[in-house]
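Enquirer: Sequence first, then the predicted structure:
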There are 2 protein chains.
Amino acid sequence: MPSHQTKIAAETDCATVSCENCGIFQLCHSVGGDTDLSVLDTIVKSRRTMKRGEFLYRAGDAFRAIYAIRGGVIKTSIFASDGGAQITGFHIAGEVLGLDAITAGRHGCDAVAIEAASVCEVPFALFKELGKEFPDLPYKMLEIMSRDILHSHELMLLLGKKNAEERLATYLLNMSSRMAKRSFSATQLNMNMSRSDIGNYLGMAEETVCRTFSRFQEEGLLTIRRKQIILNDLARLRAKVYRR
Amino acid sequence: MPSHQTKIAAETDCATVSCENCGIFQLCHSVGGDTDLSVLDTIVKSRRTMKRGEFLYRAGDAFRAIYAIRGGVIKTSIFASDGGAQITGFHIAGEVLGLDAITAGRHGCDAVAIEAASVCEVPFALFKELGKEFPDLPYKMLEIMSRDILHSHELMLLLGKKNAEERLATYLLNMSSRMAKRSFSATQLNMNMSRSDIGNYLGMAEETVCRTFSRFQEEGLLTIRRKQIILNDLARLRAKVYRR
DNA sequence: CGTTCACTTGAAAGTGTTCAATTACTGTGG
DNA sequence: CCACAGTAATTGAACACTTTCAAGTGAACG
């Protein structure tokens, strides 16, 4: 579990697990059946590696492609006219980005790498072409978007109804289960995002995030080691998610 | 503009404007071209009228159909395990409901009529059938979902970053523009939802909604007449949307 | 015509934010 | 390898905003 912090965290896994971590690949596999997959391979191989701080796209950019994350973490955020921003998600391997741009024809949010990352770029025009050969493809995409909407709704519930402890607990458990799903540790989280980003995402001040982390640590729920958070008691953390 | 409060507010308009208010119809028109539209007519004619308080579907119900609202207002809400609820939207004529259920195969939220309403029910299986004849159809649906995601993101920004005044101002202007888009008055809003519902949606207590309404009225921004809100100064209201 | 529910308003209490100061870490250059 | 600078994280204390609790008003409806 040590030191390859400059490397892309999940990249190797993504390769070894025959790219199960990569959404589009998954998609294609589940759709392709015995059909010739050579075209798909071509598309998926148009990869891109990103350094920390690099933008995948910016709000206002013309919509050309959708992106499947192969490794690393990418954050998306929207902006109010007054400059205020709201982070709408931290996205990890296997998740698909850019779908919110379909309607407007341009991206509504910024997508920026929080740590070194790797993405598959699938031009939307090409995606539509493929839809002709694999009629299930667009419906798979509907499923993915449907999942996005569910995620949004959960975040709304969090932002609208939960207090600081409930927010942070929810967030940690969400991260934990998403990591576990991709066969990372469920209890040792590398929180590469800053406290400030977490606060922005959860709708609370950076300081409140810190204080809540500290309180959780005092209560023995977790251990803070730099950016690494070790969850010591998932059960008790789960109890924090809902109002007492 | 007077009294037909028990009638479905937009139903008549929907008919006269050759059903432009109805999302699915719009959808079909934009897709159909000169092709035989008789099947579409059949589907769209499977309408349903709803009384205030009636459920279109409940969280957990099996996903069978998607719904386009022809008239009235339907609210959707999700539930936390502890019983807490978050209203995720008030939906009016022309909007499509039920799409968030595609992934899970069952609905994740309740949809209930706030006032008498009328909806077109489109069985999803049938929708998929139609997709074969009209290949653009699923992509149109992607667009609609993309719009939903954008809406969700905006609400997140509101819930995460805005204070009471900004929230209510945003909400009123949003309602205003949606009504205007469907050729209703932009300044005379019939807020059929309760203060409590508004509060829930905006992530604030019912009392705070009242107080904010009162303050806006004192400032001359609007006039409160029962459920009817008259916006007297859109410009000044817009200035309230962002932080001073 | 009274009962009920929704809305409104007041005052007290919490919770989280803001401002400010301190400490810890990261990365850079000597 | 260490010192330094700059950034991120943490903690404290005062303050602001919203919530909560409580009471009162008004409309709606049987």
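Expert: Thanks, I have the structure now. Note that the coordinates shown come from a computational prediction; the quantities given were computed from them, not determined experimentally. Residues are numbered from 1 along each chain as shown, chains lettered A, B, ... in the order given.
Enquirer: Tell me the secondary structure at residue A:48.
Expert: strand (DSSP: H, G, I helix; E, B strand; the rest coil).
Enquirer: On the pLDDT front, check it for me.
Expert: The score at residue A:48 is 90. That number is its pLDDT.
Enquirer: Do any residues in the longest helix seen in chain A lie close to chain B?
Expert: Of all segments of type helix in chain A, defined using DSSP state H, the longest is helix A:137-161. Yes. Using C-beta under 8 Å from any C-beta of the partner chain, helix A:137-161 reaches chain B at A:138-139, A:141-150, A:152-157, A:159-161. Yep, even glycine has a C-beta here, placed from its N, CA and C like the rest.
Enquirer: Who is the closest residue to residue A:144 other than its chain neighbours paired with across the strands?
Expert: Leaving aside its sequence neighbours, residue A:144 sits nearest to residue A:96 (C-beta to C-beta, 6 or more residues apart in numbering or on different chains; 5.3 Å). For residue A:96, the beta-bridge partners under DSSP bridges are residue A:68.
Enquirer: Let's see the pLDDT reported for residue A:96.
Expert: 93.
Enquirer: looking at it, it is touching residue A:67, isn't it?
Expert: Yes. Residue A:96 is within contact range of residue A:67, at 6.9 Å (criterion: C-beta atoms under 8 Å).
Enquirer: Would you mind listing what in chain A touches DNA strand D?
Expert: Within chain A, the positions adjacent to DNA strand D are A:194-196, A:206-207, A:209-211, A:213-214, A:224, A:227 by C-beta under 7 Å from any atom of the strand.
Enquirer: Would you write a ChimeraX line that selects the buried entries of those residues?
Expert: Buried residues among the residues of chain A next to DNA strand D (16 or more other C-beta atoms under 10 Å in any protein chain shown), as a ChimeraX selection:
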select /A:195,209,213
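Enquirer: now the residues of chain A next to DNA strand D as CSV including secondary structure and distance to residue B:234?
Expert: As requested, the residues of chain A next to DNA strand D are arranged in CSV below (DSSP: H, G, I helix; E, B strand; the rest coil; distance: C-beta to C-beta, whole Å):
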residue, secondary structure, distance to residue B:234
A:194, coil, 39
A:195, helix, 39
A:196, helix, 35
A:206, helix, 35
A:207, helix, 37
A:209, helix, 37
A:210, helix, 41
A:211, helix, 41
A:213, helix, 43
A:214, helix, 46
A:224, strand, 49
A:227, coil, 47
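Enquirer: Could you dump the residues of chain A next to DNA strand D into JSON lines with distance to residue B:104 and pLDDT added?
Expert: Below are these laid out as JSON lines (distance: C-beta to C-beta, whole Å; pLDDT from 0 to 100):
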{"residue": "A:194", "distance to residue B:104": "33", "pLDDT": "96"}
{"residue": "A:195", "distance to residue B:104": "33", "pLDDT": "97"}
{"residue": "A:196", "distance to residue B:104": "33", "pLDDT": "97"}
{"residue": "A:206", "distance to residue B:104": "34", "pLDDT": "97"}
{"residue": "A:207", "distance to residue B:104": "37", "pLDDT": "98"}
{"residue": "A:209", "distance to residue B:104": "31", "pLDDT": "98"}
{"residue": "A:210", "distance to residue B:104": "36", "pLDDT": "97"}
{"residue": "A:211", "distance to residue B:104": "36", "pLDDT": "98"}
{"residue": "A:213", "distance to residue B:104": "32", "pLDDT": "98"}
{"residue": "A:214", "distance to residue B:104": "37", "pLDDT": "97"}
{"residue": "A:224", "distance to residue B:104": "35", "pLDDT": "95"}
{"residue": "A:227", "distance to residue B:104": "33", "pLDDT": "88"}
